[in-house]
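J.: let's see this in three dimensions:
(chains A, B, C, D, E and F)
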There are 4 protein chains.
Amino acid sequence: MKVKQTKQKNSMSKSALRRQREKELRYQTILDAAARLFAENGYHQTSVEQIADEAEVSTGAVYFYFKNKADVLIRLIEDIGLYLRKRVGEEFIKHGSTIEGFKEAGLVYFREFCIKHPEKVALIFRESAGQGPEVEAVRKKIFDKLTADIKGALVRITEKKGLVLKDDTSIEVIAVSIIGIYERVVYHYQLSQNPPEDIMTIGEDAVSFLIGGVEKLLDQHNK
Amino acid sequence: MKVKQTKQKNSMSKSALRRQREKELRYQTILDAAARLFAENGYHQTSVEQIADEAEVSTGAVYFYFKNKADVLIRLIEDIGLYLRKRVGEEFIKHGSTIEGFKEAGLVYFREFCIKHPEKVALIFRESAGQGPEVEAVRKKIFDKLTADIKGALVRITEKKGLVLKDDTSIEVIAVSIIGIYERVVYHYQLSQNPPEDIMTIGEDAVSFLIGGVEKLLDQHNK
Amino acid sequence: MKVKQTKQKNSMSKSALRRQREKELRYQTILDAAARLFAENGYHQTSVEQIADEAEVSTGAVYFYFKNKADVLIRLIEDIGLYLRKRVGEEFIKHGSTIEGFKEAGLVYFREFCIKHPEKVALIFRESAGQGPEVEAVRKKIFDKLTADIKGALVRITEKKGLVLKDDTSIEVIAVSIIGIYERVVYHYQLSQNPPEDIMTIGEDAVSFLIGGVEKLLDQHNK
Amino acid sequence: MKVKQTKQKNSMSKSALRRQREKELRYQTILDAAARLFAENGYHQTSVEQIADEAEVSTGAVYFYFKNKADVLIRLIEDIGLYLRKRVGEEFIKHGSTIEGFKEAGLVYFREFCIKHPEKVALIFRESAGQGPEVEAVRKKIFDKLTADIKGALVRITEKKGLVLKDDTSIEVIAVSIIGIYERVVYHYQLSQNPPEDIMTIGEDAVSFLIGGVEKLLDQHNK
DNA sequence: GATGAATGAGCGTTCATTCAT
DNA sequence: TATGAATGAACGCTCATTCAT
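T.: Numbering: from 1, shown residues only, chains lettered A, B, ... in the order given. So this is what the prediction gives:
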């Protein structure tokens, strides 16, 4: 919820609180409507009027909650980035920041993120690409943070084992590569016209490939 | 050159031949102009009039050579796909379709494709994404062929060694993963505001990571 | 204060009186805020929301005190017209309704009105022009009254001297002309990007020119 | 005609010349339509669609010939300024740049400009005022040139007689004052709801008033 | 009285596409 | 073939105004 708040929450009357809740609800309703339409028909193929109709509000309301159309997309992908990092990060930590955790986190990406939220996948990987510098800048930030997360995870894993995984930039390149794998595998299989039924098998293959790459490096540097 | 030819080349007069040459030249001029503008300013931020101006032709001329604006983008990315497959494929074959060749092909991707043709990178990976179903369909075809190429290469490498690399779908997933790596590494480093100077080092890191992943799988299945 | 009063002042309780005062205060606050914004950014470039923000009230409050946006402008220029007539008229009378008084009144126009209230100048002469028939009608009334004032002054001056200043319509034309001088001189020098420092010298020149014109007519008709 | 010309006139084919003529015709048709609507209903009360309808072209055509809506108004008042200066200037010169010529020029202003082109009066004096900085800047230029013209005329007249008319800035103030007279007299009588029938009488009164003012100054400085 | 979220008609503007020449 | 003027639907966006609270 990023709409400017007029008052502190604790100094609010009950009716003011209810209005505040309704405001947040509306914001979310518009966001959800936009997510559906952008993912389904594409960002450029969706007009603000369509978003308003889908959310059952006026076009003016969209501009009350968002600066402009691009802002809707930006808020959407920011939320997705946050959700993705949180969910996958949790899983990694739950397994003690080990390579097994890394693997499990990868599987969670497929199981919880891609399968359950295909529209999020479409938005972050397809619809938000090539939409001008403003959106691109936000996209870059999100991917940079995901990269940093993975890089951090790789460092934690190796440190725990007392091993070394090449130099710093190399680790970053590996992190970027891993994101590339996650991105394209889902783009390829999930966003195609006939998505296969056994995406989890595909996810497992992808994860085991990438884990293999990481282990190989560990082998090489710490025989 | 995909404009339908009214006559066979061998039954042409000299002036007809000259016109034919000029026609092809014009087609390419428009394509080049569009490539520059799409990569620089974005597909949606570029109007047909701008393309015509940049190519020093009329807007009508653009519609003589291309069905519509999307068609220009499609021809562009088709050419890029062809060029990429050819150049990288050659390198693989030159080295006897071995894993070393696979590695060299990867390095050629960075050295010859990304560094020398950053605008092609922008077009195929960024500007052609999220531009509606028509473009998406062509993009899918291109990526499918690249996938098939890599899959074929992996099969050739393992067969040569008399080894086995898991089942068929798994190999495809690995091929898709490898494309993902190539895609995002370049997107991340080359298409950012401040592209680093030593992209080849980055490319080497990425290639060695992905080769490692492949070798690990070979190790596991053929110890 | 033109908001309709619900009660007579003398039948009010103390708290009602306080509320009345606050109400008038608010009315004036909004008017002042609007004056600043209209003069600075232009009538059309100023939104009701901006006025409300500047006055630190809600948009609804603006509509409680004023019929609509045009009404704010109308009240503003009505006040300015009143103020101008009062201040300049006073000066004329103070000098015994003579031609010297006429001159002094002209100088007061520059010294007290234009220099001290440049935003009033912008509103009455620039921003209220060309804003539709409703505003135009009010503007006409104001200028008509100013014209009548000047015409009356000219008649008084000549009558006092026992002289004749042409026929009635001619006097009106002269009155209108004089207003034109006062209007454009200020518009030209005060409302330009680089207003000169010595506007009073300019004012003196303008006044002496116009007085000269009046005297010439007196000479001609009463040699 | 300010639309960019593709070719030199002398290197044109007959059909190209005809097209050129049609283009200019169209430009003028749009301009005339806009003039009518702006003068009648006001600049802000006129939409681009209305202009297009009135000119029997598409909205797109308006934007082919003009940068935007404000540009239409600007071209309009620039033309009016040019026309006014030319017509009035001619008259002054025709009478040998004398004070009689100055008077005649003033009468021509009323007889030829105001009476015959009331819509031009409305545009230059009413509708172009208070329409934002862009239009205001152009308006300033026009009025500055008119001022310079009158100032120049006054200097010529006095020099011819071997007389002196105060200092330079004073002359400019008088020029500005004279413009003010011409402006407001027409605004007052012509743009009112019930314009009087004998505007020429009014014009004569205004002119003789202003000539009187000028002569008085000459008397004072050269007794 | 006062608020400010919500409305929705209306606007200026763009631009892919067409077609007479 | 080539032109470029012309189209007009569609779009993003604004903002004066209203009204439930």
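J.: quick one, phi psi at A:Tyr43?
T.: When read as degrees, to the nearest 10, the backbone of A:Tyr43 gives phi -60, psi -50.
J.: quick check: closest non-adjacent residue to it.
T.: Leaving aside its sequence neighbours, A:Tyr43 sits nearest to A:Glu127 (C-beta to C-beta, 6 or more residues apart in numbering or on different chains; 4.6 Å). Every residue, glycine included, has its C-beta placed from N, CA and C.
J.: my guess is the one you found contacts A:Gln45. True?
T.: No. Using C-beta atoms under 8 Å, A:Glu127 is not in contact with A:Gln45; the gap is 9.7 Å.
J.: the two - which one has more neighbours?
T.: Higher neighbour count among A:Glu127 and A:Gln45: A:Glu127, with 28 against 15, using other C-beta atoms under 10 Å in any protein chain shown.
J.: quick one: contacts for that one?
T.: Contacts for A:Glu127 (C-beta atoms under 8 Å, 6 or more residues apart in numbering or on different chains) come out as A:38-39, A:42-43, A:73, B:130.
J.: secondary structure element for A:Glu40?
T.: If you go by DSSP states H and E, A:Glu40 is part of helix A:14-41.
J.: that helix vs chain C: in contact?
T.: No. On the criterion C-beta under 8 Å from any C-beta of the partner chain, helix A:14-41 is out of touch with chain C, staying 14.1 Å away.
J.: which residues are contacting the helix or strand following that helix?
T.: Downstream of helix A:14-41, the first helix or strand assigned by DSSP H and E is helix A:48-55. Helix A:48-55 is contacted by residues A:26, A:29-30, A:32-34, A:36-37, A:58-59, A:61-63, A:69, A:72 when judged by C-beta under 8 Å, 6+ apart.
J.: rerun that using 6 Å as the cut-off
T.: A:29-30, A:33-34, A:37, A:58-59, A:62, A:69 (C-beta atoms under 6 Å, 6 or more residues apart in numbering or on different chains).
J.: which SS class is the closest residue to DNA strand E within chain A?
T.: Ranking the residues of chain A by distance to DNA strand E (C-beta to the nearest atom of the strand) places A:Gly60 first, at 1.9 Å. Under DSSP: H, G, I helix; E, B strand; the rest coil, A:Gly60 falls in the helix class.
J.: now the contacts of helix A:48-55: which count as buried?
T.: A:29-30, A:33-34, A:37, A:62, A:69 (16 or more other C-beta atoms under 10 Å in any protein chain shown).
J.: nearest to chain D, of those?
T.: A:Lys69 (21.8 Å; C-beta to the nearest C-beta).
J.: in chain A, which spans are helices?
T.: Using DSSP state H, the helices found in chain A span residues A:14-41, A:48-55, A:59-65, A:69-94, A:99-108, A:118-121, A:133-161, A:168-190, A:199-221.
J.: now do the longest one: distance to the chain's middle.
T.: Here helix A:133-161 is found 12 Å from its chain centre; the criterion is C-alpha atoms, centre = their mean, to the nearest Å.
J.: what's the answer for the first one, then?
T.: Taking C-alpha atoms, centre = their mean, one finds the center of helix A:14-41 at 19 Å from the center of the full chain.
J.: how about it against chain B, any contact?
T.: No. Contact of helix A:14-41 with chain B (C-beta under 6 Å from any C-beta of the partner chain) is absent, the minimum separation being 8.9 Å.
J.: what average pLDDT does that helix get?
T.: Averaged across helix A:14-41, pLDDT comes to 91.
J.: now do the fourth one
T.: Along helix A:69-94, the predicted confidence averages to a pLDDT of 97.
J.: also the fifth one?
T.: With pLDDT averaged residue by residue, helix A:99-108 scores 96.
J.: buried residues, it. List them.
T.: Neighbour counts using 16+ other C-beta under 10 Å place A:99, A:101-108 of helix A:99-108 among the buried residues.
J.: what does stretch A:127-142 give?
T.: Those would be A:127-131, A:135-136, A:138-140, A:142, for stretch A:127-142 by 16+ other C-beta under 10 Å.
J.: quick one, domains of chain A?
T.: A:1-66, A:70-221 (automatic domain parsing).
J.: okay, the buried residues of helix A:99-108 in CSV with distance to chain C next?
T.: Supplementary listing: the buried residues of helix A:99-108 in CSV, determined by distance: C-beta to the nearest C-beta, whole Å:
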residue, distance to chain C
A:Ile99, 56
A:Gly101, 52
A:Phe102, 52
A:Lys103, 54
A:Glu104, 52
A:Ala105, 47
A:Gly106, 49
A:Leu107, 51
A:Val108, 46
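J.: nearest to D:Asn194, of those residues?
T.: Nearest to D:Asn194, judged by C-beta to C-beta, of the buried residues of helix A:99-108 is A:Val108 at 82.0 Å.
J.: what's near enough to touch the closest one?
T.: Neighbours of A:Val108 in contact, by C-beta under 6 Å, 6+ apart: A:88, A:91.
J.: again, 7 Å this time
T.: With contact set as C-beta atoms under 7 Å, 6 or more residues apart in numbering or on different chains, A:Val108 has these partners: A:87-88, A:91.
J.: before we move on, the earlier item: looking at pLDDT only, which of the buried residues of stretch A:127-142 scores worst?
T.: A:Gly130 (88).
J.: now the nearest residue to A:Gly106 once chain neighbours are set aside: how far from chain D?
T.: With sequence-adjacent residues excluded and distances taken as C-beta to C-beta, 6+ apart, A:Gly106 is closest to A:Val207, at 3.9 Å. According to C-beta to the nearest C-beta, to the nearest Å, A:Val207 and chain D sit 54 Å apart.
J.: can you check what pLDDT the model gives A:Val207?
T.: 97.
J.: now do the one 3 residues further on
T.: We note a pLDDT of 96 for A:Leu210 in this prediction.
J.: if I look at it, how far off is A:Asp149?
T.: 15 Å (C-beta to C-beta, to the nearest Å).
J.: which one of the two has more residues nearby?
T.: It is A:Leu210, of A:Leu210 and A:Asp149, that has more neighbours when counted by other C-beta under 10 Å, with 27 against 18.
J.: what sits against the residue most central in space within chain A?
T.: For chain A, the residue lying nearest the average C-alpha position, counting by C-alpha atoms, centre = their mean, turns out to be A:Gly81 (3.1 Å). By C-beta under 7 Å, 6+ apart, the contact set of A:Gly81 is A:142, A:145.
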